[in-house]
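Enquirer: just a sequence and a predicted model for now, questions to come.
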Amino acid sequence: MFRQTKGKMVPLHRHHNGLAPADLPGSSGLPPLAIPPLPRHLLFPLIQSRGMTLIPRVEPGQPVLKGQLLAEHPDHPPQHASSSGVVATLDSLPLATGPYLVITTDGRDMPVVSHLVNPPPVLTPKILLDRIWQAGITGLGGAGFPTTGKLDSAGIDTLILNGAECEPLSSCDQTLLVRFPHRVLAGARLLLTTFNIRRCLLAIEADKTASWDALNAAVACSGDHSVQIVRVPARYPAGGEKQLIQALTGMEVPHGGHPQNLGLVCLNVATVAAIHDAIHWNSPLISRLVTLTGQGIRQPYNLWVRLGTPISELIKYCGGYTGEAVRLVQGGAMMGYPLASDQLPVTKSTHCIWVGGSSETVEVGPEQPCIRCGTCVDVCPAGLLPQELYRHTKAGQREQAMALHLAACIECGCCDAVCPSHIPLVRQFQTAKRQQAEWLAAQNRANHAKTRYQARLARKAREEQAQQDSARRGKEAIQDALARLKTRRGSG
Amino acid sequence: MSPGPYPRLRPRLDDLMGGVMLALLPGGLVQGWLLGWGLLLHCLIAVLTALVCEALVLVIRRRPVMATLRDGSAMVTALLLALCLPPLTPWWVTVTGTGLAIILAKHLYGGLGYNIFNPAMVAYAMLLVSFPGVMTVWPETPASLVETGNCILGLSSFDGTTGATPLDAVKTQWIQVSESGETPRHPPLAPVWAWINLAYGVGGLWLLARRLIDWRIPAGFLGGLFLTSLVAYLMDPLHYPTPLFQLSAGASLSGAFFIATDPVTAASTPRGRWIYAAGAGLLTALIRLNGSWPDGVAFAILLMNFAVPTLDHYTRPRVYGTSA
């Protein structure tokens, strides 16, 4: 397998595990792009993915403009209003966890006036990082980590742009690349020149010919070949960060390490487009592409959605639910999780809403015993032994599970999808990983307490010794004085 | 609503076992046609015994009875054992064997998924060692239904001629000719059994196409059997039969596709499965070439079952991002 680049052929490294696209549910063709109308209310959760709560910077009843800062946090990029209106309440929604900022839109969509000059006349790494942070940019691939955290490490050799969908049913990255390739490429060039990055690989799946054509046309049009377009085998989870790095470079992110350890930074193409928007258009991250698909909705779309739009509004735009809609899932069929309600809003990490129909989803039956068939071993892209991990984690054998590298599980769900006994493996591993992390934290706390206690004992001992010493010295001094007195008396 | 992942890409356990039973059909039909009604009767006896034993143990172990019976694993064990039995074996041998397979080899180890040894092969080996007289009698021509029924029920003993299986014939012929000094002539294929093996192979290929079994196991097993037989044949073509004869004789293809592929007792890592299957093929050939048993498949698979935990331990795939 060779990647097609202009002039040279570089071998592409393959990982053989995972699932073939033919096995997976797929949407036929690329759903059309559309922009749904402005909703009546916009909802912004204050609790972020890593458990941080944003601090609101607006008061209930206050009018806000599109792009105005709503809430911020020292450790998380801020949230901006995605349209103009009035802050309704700081209230909890009935089904959601934690407080929400609600904006009642006024329909005028009035943007805030920025004092920033864009693009900045001088772009240093510090200025760029600052702008990325101020624009509220987090990873748009799904995990939602602050993007600056990846970019502020020194010595980036290669920038990898992830244009391979992370879910088989999602097509928002493909839509972005087909419709707006220039934004992605221009965003990448900003990063390349500012951070002095040697090379940049933009990876797309081999079967996405429309993206390939659009990107090559855009490259030819710009005349700038600094971004290499590379096709990787369309095998789930090709869009997984670790698997993509392996396919492109042959290197593996070390266990417990980061791509930065290899001089690599991997960003989703939508994130790079958002960086472009922030720098060239002075627009904070207030909208994103979301795939709406599944047999449970009438017309699948890739929608250009304002953050905070309730999912029900998007479903309405897609023609509503069909009669066979059985499940509402955020994030796709493989790694998604069920949504309690369609009143929940689109957030920065919502890339796909899948409304599963009864005919496209197999009912997961009751769990049957593991027959050790090893099919899970065949598909695991991390090279794990899911059946052994299952046995050990179920029996609470923490050390064995750690020795089998439970922490290397990327929770892609391939093992669940092929298990003949319908064992919820990923759920078991998630629980076990959480328990392991808690145990390690407790262990650290215990060690910390132990060292502190030992230090305290040592200090006590030292103090006691010092006290004894001083007492002894005092006694000796008195005796000396007495002895001196005696001799003086004797001599006198 | 349960969290994802939602797609289920492979057949469920019940369908897997059902698929295995369906795939046994061509082999079973040809074997029954060529060797007589006994097979059908033994299948019935074995399946009934297996279901009764399984239900009994499940009641004692306070496990769900109907849900477990429906998974079909007990029936597959029973059928695999019945297919190994000579057609005129008395009923109590079948009942004893099936009971041993289900109670001793399966449930005393913890039930489906926990047994170390292939239950059908444990039962077959125990029957062969305990009752070598009845376990090695194969009639020359298929007996009639009435005659077979009488023999199985113990009402009368078989008075037709009993013949040797092709594998036995090869051994006895060698002993005879080595005494008389003539040149032995091995048939290129095992008579009768070649058809049976071919039919099992057809069923096995269907299992492969449906991805119900891992291709590495039949490939490794048949490869090991073929290569070992080839080496022996090249070393002494007068003494040893051709590799093709070995493949077409005994339980070669049913062993490769149906017995060695038992997921519970086979190795579960990809490299482990290669070694497990090739080892079973090699041992089968060695036992056939130099052993005194009618066939080597059962013992070879049981011996490799011993090795599975060790194989699985030393053939773990390298985990992404680790060096070991």
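Expert: That came in fine, so what should we check first? Quantities reported herein were computed from a predicted structural model and do not represent experimental measurements.

Enquirer: what about the helix or strand harbouring A:Ala458, average pLDDT?
Expert: The secondary structure element spanning A:Ala458 is helix A:425-491 (assigned by DSSP states H and E). Per-residue pLDDT over helix A:425-491 has a mean of 90.

Enquirer: same check on stretch A:120-130?
Expert: When pLDDT is averaged over stretch A:120-130, the result is 88.

Enquirer: residues contacting it, please?
Expert: If you take C-beta atoms under 8 Å, 6 or more residues apart in numbering or on different chains as the criterion, stretch A:120-130 is touched by A:131, A:148, A:151-152, A:190-191, A:193-195, A:279. Using the backbone N, CA and C atoms, a C-beta is placed for each residue, glycine as well.

Enquirer: try 6 Å this time
Expert: Stretch A:120-130 has contacts (C-beta atoms under 6 Å, 6 or more residues apart in numbering or on different chains) with A:148, A:152, A:194-195.

Enquirer: which one of those residues is nearest chain B?
Expert: Distance to chain B across those (C-beta to the nearest C-beta) is lowest for A:Asp152, with 22.9 Å.

Enquirer: leaving out the residues flanking it, which one is nearest to the closest one?
Expert: A:Leu129 (5.7 Å; C-beta to C-beta, 6 or more residues apart in numbering or on different chains).

Enquirer: ok but that neighbour is inside a strand, no?
Expert: No: secondary structure of A:Leu129 (DSSP: H, G, I helix; E, B strand; the rest coil): helix, not part of a strand.

Enquirer: what parts of the stretch 201-324 of chain B come near chain A?
Expert: Selection of the stretch 201-324 of chain B residues close to chain A by C-beta under 6 Å from any C-beta of the partner chain yields B:263-264, B:268-269, B:317-322.

Enquirer: buried among these? Need that as a selection in PyMOL.
Expert: In PyMOL, the members of those classed as buried (16 or more other C-beta atoms under 10 Å in any protein chain shown) are selected with the following command:
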select buried, chain B and resi 263+264+268+269+317+319+320+321
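
Enquirer: now the residues of the stretch 201-324 of chain B next to chain A in CSV, with pLDDT?
Expert: Formatted as CSV, the entries for these read as follows, by pLDDT from 0 to 100:
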residue, pLDDT
B:Pro263, 94
B:Val264, 95
B:Ser268, 92
B:Thr269, 93
B:Pro317, 90
B:Arg318, 89
B:Val319, 91
B:Tyr320, 90
B:Gly321, 87
B:Thr322, 85
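
Enquirer: which parts of the stretch 101-250 of chain A are helices?
Expert: Listed in chain order, the helices of the stretch 101-250 of chain A (DSSP state H, counting those that start in this stretch) span residues A:125-134, A:148-151, A:172-179, A:181-195, A:209-222, A:241-249.

Enquirer: dump the last one to PDB, restricted to CA.
Expert: Listed next in PDB are the C-alpha coordinates belonging to helix A:241-249 (Å, rounded to 0.1, in the frame of the first residue of the first chain):
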ATOM      1  CA  GLU A 241      -5.600   8.900  16.700                       C
ATOM      2  CA  LYS A 242      -3.300   6.000  17.700                       C
ATOM      3  CA  GLN A 243      -4.300   3.900  14.700                       C
ATOM      4  CA  LEU A 244      -3.900   6.800  12.300                       C
ATOM      5  CA  ILE A 245      -0.400   7.600  13.600                       C
ATOM      6  CA  GLN A 246       0.500   4.000  13.100                       C
ATOM      7  CA  ALA A 247      -0.800   3.900   9.600                       C
ATOM      8  CA  LEU A 248       0.900   7.100   8.500                       C
ATOM      9  CA  THR A 249       4.300   6.900  10.300                       C
END
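
Enquirer: how far away is the closest residue to B:Leu145 other than its chain neighbours from chain A?
Expert: Across the structure, with C-beta to C-beta, 6+ apart as the measure, the residue nearest B:Leu145 apart from its sequence neighbours is B:Trp37 (4.6 Å). Between B:Trp37 and chain A the computed distance is 33 Å (C-beta to the nearest C-beta, to the nearest Å).

Enquirer: and B:Gly201, by the same measure?
Expert: Relative to chain A, B:Gly201 is positioned 22 Å away (C-beta to the nearest C-beta).

Enquirer: can you give me the neighbour number for that residue?
Expert: B:Gly201: 21 surrounding residues under other C-beta atoms under 10 Å in any protein chain shown.

Enquirer: now do the contacts for it.
Expert: When contacts are taken as C-beta under 6 Å, 6+ apart, B:Gly201 is in contact with B:Leu253.

Enquirer: next: the one 4 residues further on.
Expert: Listed by C-beta under 6 Å, 6+ apart, the contact set of B:Leu205 is empty.
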